[in-house]
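**Student:** Below are the sequence and a predicted model for it; my questions follow.
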Amino acid sequence: MTQLLAFLLCFTSFSCFALIKNSHCKAVFAKRVDAVLGRRMLMIAWCALIASVIISLWDLAGYGGVLFCGYMAISIILLALLLSYHPTKLRSLIYVLPTLISTTCIGLLL
Amino acid sequence: MKENFFRSMTWLHTWTGLLVCWLLFLIFFAGTLSFFRHEITLWAQPAAHDVQPQLNRVAAQRQQISTALEHLAMKAPEAETWWVGLPNERNHTMAVSYREKGDDGVRGKWQDNYMDPNSQSILAEYRDTKGGHFFYRLHFDLHYMDRTVARWIVSFASLFMLIGLISGVVIHKRIFKDMFQFRSAKGVRTWLDAHNLSSVLALPFHIMITYTGLVTLIFMLFPYPAMTQYEGGNRAFFADLNSARQHADATGKQVEMLPMKQLVDQFYTNWPNVDIKRVILDHPFDETAIVKFYANTGTQVQDEMPVWVYSAVTGELKTSANTDLSPSETLYDGMIALHTGRLALPGLRWLYFICGIAGCVMIASGAVMWAKRIRARMKSNEQPGFGLKLVEALNLATLMGLPVATTAFFYANRLLPNDLSNRADMEVHLFFVTWLCVTVFAIYRAGTKQWKQLAQLNVILWLLLPICNALTTQGNLISYLLEQQWILAGFDLLCILTAFGFFIQMNKLATQEKANVVGTFKLKERNT
């Protein structure tokens, strides 16, 4: 469960990094990303990435660090495939990812 | 020297990559398969398919070790070494092997036997095969050549890879901006995107695996510190580093050893909760007989197993090693553990595998892109040079030939008679003969048509492999799924997935071939 949370945060982070780029944002939302939103997304991306690293290391120490590298690879593969072949599917992730992260957090707390 | 730093780096990246890309592909391919070497070995041994994993594995070890050692005492009292490999999460059988005494300084041959740990009976019809171990050795020892020479070659290839990775990061100015970019059906641009994407997505893995790969061979590459510090050179250094591996030569004086059960009980009195991976007994019934208990490191980032050495005659604890590593040993051992991935549980193992595949794609796309670029620059009436022809032939032979040869190895495992002498070697020979045949085919011609034909061949071979398995063993994909034999089911599913991958490639190539034919026809029409 903890590792699922780490992966979801990593994926969220890379999704934000991807959507900050105009070409990807246009492909997903058919419009350019505005400056304020871009800055906020960049902040979310870095926070989620740092949180993902911390959670991985806190949970499984060195082993978690290796897992985190794998999470980054999987996130990039998934995003590259989605952006290349089904960019509009990424829209739904805006709602799905926070829901999944919240559910996982609640599951962990319980 | 090129006119600026960027061009110099581009030149370096191109040539360091191109010179060794086929060898690197082989190393990466074999290394990637090696992450699942125990699973491949399990698939290669149908006799072990029905051995059930034990629920209380660690608790059962005490009894298993005693039984295995007593079995060896009965079967091979004259042997030089006894070797007991205990079942673990990835390997459910118990190895009870022994090495025969050699003649005149030549080491004796290993005789391998396997037990079902549940029934503690020897498994019959165990076939002679290298299984996943073949890919593991191929990864750094290559084959048909001296090990030291092979390791030097592999080291140089790894060094070139490291240079290629660093120069690749330097020349890729938009490395983070292009991180998710993949534009399909855009010719050379698509190959460049595939190369960049596969490099960047697993960049930490690529750098880690290449660097730690060099570290595994560091004492061969840089023996001088050990040579200056120790009179006996590397040998003396290793003796000092791991005293548990050293043992006195047999004196030939026969003595009674302590009963096996007593030895094992004594160990467990001192270390009651240790998860044991293997037990080795050197010089049984000699006055120098010692028994070594190796602990399982599990998911620790540590490769060398803690070991306790007891005298098998007196039961005295002689030495222990790797129980408390120094910082430098921890660093070195951690790097080896990261490279081998032995610490990985199934989830991380799959991540290693996916990153390994990304490495293969990175090397393959780089090699293909070079040839495509040269072709694109050529004028319509220009003939390709020898270099381009060679690269195209080697690309086809390596990128498509290796998967074909791998299936040949698996088919040989299933179809060669069990009583064939040197059966394991025959499997390996068939791997290389098949690869040679594909190479000859690729040298003859390496165009789109030949790529498509080899993709077709790969589709057929990978798709028929689960069927061949079902016809030659007791199980099949459905029974594996029903009986929750995930390793065997995973193997069959991966074969089908690989066939599907080659099927997509075949279709793309067929479309490309049609487009080429139409293009040529139009060009001829325009000229006339």
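**Tutor:** Looks like it came in fine. Numbering: from 1, shown residues only, chains lettered A, B, ... in the order given.
**Student:** What strand or helix carries the residue in the stretch 401-528 of chain B positioned nearest to chain A?
**Tutor:** Closest to chain A within the stretch 401-528 of chain B is B:Ile504: 12.6 Å, counting by Cβ to the nearest Cβ. All C-beta spots, glycine's among them, are computed from the backbone N, C-alpha and C. For B:Ile504, the host element (DSSP states H and E) is helix B:486-527.
**Student:** and that helix, how far from the chain's centre?
**Tutor:** 28 Å (Cα atoms, centre = their mean, to the nearest Å).
**Student:** Walk me through the domains of chain B.
**Tutor:** B:1-45+B:134-233+B:357-372, B:54-128+B:243-321, B:378-528 (automatic domain parsing).
**Student:** which non-adjacent residue is nearest residue 51?
**Tutor:** The chain I'm using is chain A. Nearest residue to A:Ala51 in three dimensions, chain neighbours excluded: A:Leu9, at 5.1 Å (Cβ to Cβ, 6 or more residues apart in numbering or on different chains).
**Student:** switch to chain B, that's the one I care about
**Tutor:** The spatially closest residue to B:Val51, leaving aside those adjacent along the chain, is B:His92, at 4.5 Å (Cβ to Cβ, 6+ apart).
**Student:** The one you found belongs to a helix, doesn't it?
**Tutor:** No: going by DSSP: H, G, I helix; E, B strand; the rest coil, the assignment for B:His92 is coil, not a helix.
**Student:** Isn't it up against B:Gln52?
**Tutor:** Yes: the criterion here is Cβ atoms under 8 Å, and B:His92 meets it with B:Gln52 at 6.8 Å.
**Student:** Compare these two (neighbour count), which wins?
**Tutor:** Each of B:His92 and B:Gln52 has its neighbours counted (other Cβ atoms under 10 Å in any protein chain shown); B:His92 has more, 21 against 12.
**Student:** Now do the strands in chain A.
**Tutor:** Secondary structure of chain A (DSSP state E): no strands present.
**Student:** Just want the residue of it that's nearest chain B.
**Tutor:** Chain A approaches chain B most closely through A:Gly70 (3.0 Å), counting by Cβ to the nearest Cβ.
**Student:** Is that residue in contact with B:Leu348, as I believe?
**Tutor:** Yes: using Cβ under 8 Å, A:Gly70 makes contact with B:Leu348 at a distance of 6.4 Å.
**Student:** Mean pLDDT lowest where, among the domains of chain B?
**Tutor:** Looking over the domains of chain B, mean pLDDT reaches its minimum on domain B:54-128+B:243-321, with a mean of 85.
**Student:** Including distance to B:Thr340, could the domains of chain B go into CSV?
**Tutor:** As requested, the domains of chain B are exported to CSV (distance: least, Cβ to Cβ, whole Å):
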stretch, distance to B:Thr340
domain B:1-45+B:134-233+B:357-372, 8
domain B:54-128+B:243-321, 6
domain B:378-528, 19
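**Student:** List the residues that contact the spatially most central residue of chain A.
**Tutor:** For chain A, the residue nearest the mean C-alpha position is A:Thr12 (1.4 Å; Cα atoms, centre = their mean). By Cβ atoms under 8 Å, 6 or more residues apart in numbering or on different chains, A:Thr12 lies in contact with A:44-45, A:48, A:97, A:101.
**Student:** tally of neighbours for residue 44?
**Tutor:** No chain was given, so I picked chain A. The number of residues packed near A:Ile44 is 16, by other Cβ under 10 Å.
**Student:** could you do chain B instead?
**Tutor:** Residues near B:Ala44, counting by other Cβ under 10 Å, number 22.
**Student:** Whichever helix or strand B:Thr228 is part of: what's the following helix or strand?
**Tutor:** Under the criterion of DSSP H and E, B:Thr228 resides in helix B:224-229. As assigned by DSSP H and E, the chain's next helix or strand after helix B:224-229 is helix B:233-241.
**Student:** picking that back up, run through the residues that contact the residue of the stretch 401-528 of chain B closest to chain A.
**Tutor:** With Cβ under 8 Å, 6+ apart, B:Ile504 has no contacts at all.
**Student:** Am I right that B:Ser421 is in a strand?
**Tutor:** No: with three-state DSSP as the criterion, B:Ser421 is located in coil rather than a strand.
**Student:** how near is it to B:Asp128?
**Tutor:** Distance of B:Ser421 to B:Asp128, computed by Cβ to Cβ, to the nearest Å: 9 Å.
**Student:** What of B:Gln63?
**Tutor:** To B:Asp128, B:Gln63 is 29 Å away according to Cβ to Cβ.
**Student:** Look at these two and report which has more neighbours.
**Tutor:** Between B:Gln63 and B:Asp128, counting by other Cβ under 10 Å, B:Asp128 is the more crowded of the two (16 against 13).
**Student:** Name the nearest residue to that one, ignoring sequence neighbours.
**Tutor:** Per Cβ to Cβ, 6+ apart, closest to B:Asp128 is B:Arg423, 4.1 Å.
**Student:** which parts of the stretch 251-400 of chain B sit against chain A?
**Tutor:** When proximity is defined as Cβ under 8 Å from any Cβ of the partner chain, the stretch 251-400 of chain B approaches chain A at B:299, B:301, B:334, B:338, B:343-344, B:347-348, B:351-352, B:354-355, B:358.
**Student:** can you tell me which helix or strand B:Val459 belongs to?
**Tutor:** Assigned by DSSP H and E, B:Val459 belongs to helix B:448-472.
**Student:** My error: substitute B:Phe293 in the last question.
**Tutor:** Following DSSP H and E, one finds B:Phe293 within strand B:290-295.
**Student:** elements contacting that strand?
**Tutor:** Strand B:290-295 makes packing contacts with strand B:276-282, strand B:307-311 when contacts are defined by 3 or more Cβ pairs under 8 Å, 6 or more residues apart in numbering or on different chains; DSSP states H and E.
**Student:** Would you give the sheet partners of it, along with the direction of each?
**Tutor:** Using DSSP bridges, the strands paired with strand B:290-295 are strand B:276-282 (antiparallel), strand B:307-311 (antiparallel).
**Student:** so how far is it off the chain centroid?
**Tutor:** Centre to centre, stretch against its chain (Cα atoms, centre = their mean), the figure for strand B:290-295 is 26 Å.
**Student:** Now go through the residues of the stretch 251-400 of chain B next to chain A and say which are in strands.
**Tutor:** Using DSSP E, none of these sit in strands.
**Student:** quick one: contacts of stretch B:39-51?
**Tutor:** Stretch B:39-51 is contacted from outside by B:33, B:90-93, B:114, B:116-118, B:123-127, B:129-133, B:135, B:410, B:413, B:469, B:472-475, B:485, B:487-488, B:490-491, using Cβ under 8 Å, 6+ apart.
**Student:** which among those end up buried?
**Tutor:** Among the contacts of stretch B:39-51, those classed as buried by 16 or more other Cβ atoms under 10 Å in any protein chain shown are B:33, B:90-93, B:114, B:116-117, B:123, B:126-127, B:129-133, B:135, B:410, B:413, B:469, B:475, B:485, B:487-488, B:490-491.
**Student:** Can you tell me the SS state at the residue lying closest to B:Gln111 once chain neighbours are set aside?
**Tutor:** In this structure, B:Gln111 finds its nearest non-sequential neighbour in B:Tyr98, 5.6 Å apart by Cβ to Cβ, 6+ apart. Classification of B:Tyr98 using three-state DSSP returns strand.
**Student:** show me the contacts for B:Tyr98.
**Tutor:** Applying Cβ under 8 Å, 6+ apart to B:Tyr98 gives the contacts B:72, B:75-76, B:79-83, B:110-111.
**Student:** Let's test this: what are the backbone torsions at the residue nearest to B:Ala470 when sequence neighbours are not counted?
**Tutor:** Spatially, and ignoring its direct neighbours in sequence, B:Ala470 is nearest to B:Asn476 (3.6 Å; Cβ to Cβ, 6+ apart). Reported as degrees, to the nearest 10, the phi and psi values for B:Asn476 are phi -150, psi 180.
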